[in-house]
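>>> Starting from these lines, generate the structure:
(one chain, ligands or ions: 2)
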Amino acid sequence: MECKKARAYSSSANLGSGFDILSMAHTAFFDTIEICVENKNSGDIVIESNSNIPLEPTKNSATYPIVRIMEERGIKASLRVKVIKGIPEGLGLGSSGASAAAAVMAFNNLFKLNLSKEEVVRYAMYGEIASSGSPHPDNVAASVFGGVVSVVSVNPVKVVEIPLNYSFNILLFVPLNVHIEEKTKKAREMVPKTVKLSEYINNSRYMSSLLIGFVKGERDLIRLGLNDEIVEKARLPLFPYYPKIKQIAIKYDAIGSCVSGAGPSILVLTDKMTDENKIAEEGTKTCNEFNVECKVIKAKIAGGVEVERRN
Ligand SMILES: Nc1ncnc2c1ncn2[C@@H]1O[C@H](COP(=O)(O)OP(=O)(O)OP(=O)(O)O)[C@@H](O)[C@H]1O
Ligand SMILES: N[C@@H](CCO)C(=O)O
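Ligands and ions are numbered 1, 2, ... in the order given. The predicted structure follows:
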């Protein structure tokens, strides 16, 4: 029986005002997906997992993309898919997206499809439909490409890797005692359908500042760019502790802070000027004030999805 394993890292999407556009992969956590071909004459998929995720192939973000690839390309095979979760689910860390990215990459390798990275993203987006009902491309793009990415087009999928000329570390405030059923689906329903022109202009300024800050290596521009007047504001009830954590981050000279994806995790970018310990100490106290127990994870920018080489 032939098998392939792939690993994909966690991600924080919606960087600043980059809702559904800007995302970064980080080393905080990773998922591993192993796909084995049992035979090539039927199309059933059996899922095994170490975590409490759906085991119905069309409901699991790792396997729904595989179902769609097999349908689209007329591939018949009985598969055993092991979803080894390292990324906690429903916390804004791109858990569903990483599973999808790793599964598509493993399948791509197993069946020698030679998919481009953007085709891997296109198929992995089906995984986000399975988990949240919408094919948002940002988490999967970061898990596939690594680094910081901008999804500049979805039809066709076009992903641009952002050159980073400012080195930074990452702190993530990850709530341990928060579980919101279908969190991203609910969070997407909270986003307003229309916005004020002034909010649109300010958010466009922030995105411009963030991108230029990353490329030119200008700390102040990155800080200014990590703001959002539309989506974070609309979703604030999901993470009421965020404004105070953001203030603490700036007080102790972080580069900046924003919500990680649809939350409830919070992302803080730091460098040598930052007092990370004070941010961690006072930020976790802030979580406690809201009856939330936050764990602080230190991480760095991660690479893209990788097929594990059998030694
Ligand atoms: N392979 C999978 N990995 C993680 N979650 C999965 C997977 N398959 C289905 N799900 C379901 O998707 C939901 C988690 O996805 P959701 O989009 O809400 O959050 P997330 O992907 O963990 O983080 P983010 O907010 O960054 O998208 C859970 O209800 C989970 O049961
Ligand atoms: N852009 C997506 C990311 C989910 O992590 C959303 O905010 O719904």
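>>> what's the longest helix seen in the chain packed up against?
Using DSSP state H, we find that the single longest helix of the chain is helix 197-216. If contacts are counted by 3 or more Cβ pairs under 8 Å, 6 or more residues apart in numbering; DSSP states H and E, helix 197-216 sits against strand 22-39, helix 219-225. In short, each C-beta sits where N, CA and C put it, glycine included.
>>> Just the C-alpha atoms of the shortest one, please, in CSV.
Written as CSV, here are the backbone C-alpha positions of helix 219-225 (Å, rounded to 0.1, in the frame of the first residue of the first chain):
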residue,chain,number,x,y,z
ARG,A,219,8.6,49.2,11.5
ASP,A,220,6.3,52.2,11.9
LEU,A,221,4.5,51.4,8.7
ILE,A,222,4.0,47.8,9.8
ARG,A,223,2.5,49.0,13.1
LEU,A,224,0.2,51.4,11.3
GLY,A,225,-0.8,48.7,8.9
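>>> mean confidence for that helix?
When pLDDT is averaged along helix 219-225, the result is 98.
>>> Minimum distance to P243: which of the helices and strands packed on helix 197-216 has it?
If you check each of the helices and strands packed on helix 197-216 against P243 by Cβ to Cβ, helix 219-225 wins as the nearest, at 15.7 Å.
>>> Just the buried residues of that closest one, please?
By neighbour count on 16 or more other Cβ atoms under 10 Å, the buried set for helix 219-225 is R219, L221, I222, R223, L224, G225.
>>> now, the most widely separated pair of the residues you listed?
The most widely separated members of those, counting by Cβ to Cβ, are R219 and G225 (10.7 Å).
>>> any residues in contact with both of these two?
Counting by Cβ atoms under 8 Å, 6 or more residues apart in numbering, the shared contacts of R219 and G225 are G213.
>>> Looking at N39 now. What's its pLDDT?
The model reports N39 with a pLDDT of 89.
>>> and the gap between the residue lying closest to it once chain neighbours are set aside and I66?
Closest residue to N39 in three dimensions, ignoring its sequence neighbours and counting by Cβ to Cβ, 6 or more residues apart in numbering: S78, at 4.9 Å. When distances are taken as Cβ to Cβ, to the nearest Å, S78 and I66 turn out to be 12 Å apart.
>>> cool, Y242 as well?
Using Cβ to Cβ, one gets 36 Å for the distance from Y242 to I66.
>>> So between those two, which is more surrounded?
Set side by side, Y242 and I66 show unequal neighbour counts under other Cβ atoms under 10 Å, the larger going to I66 at 29 against 22.
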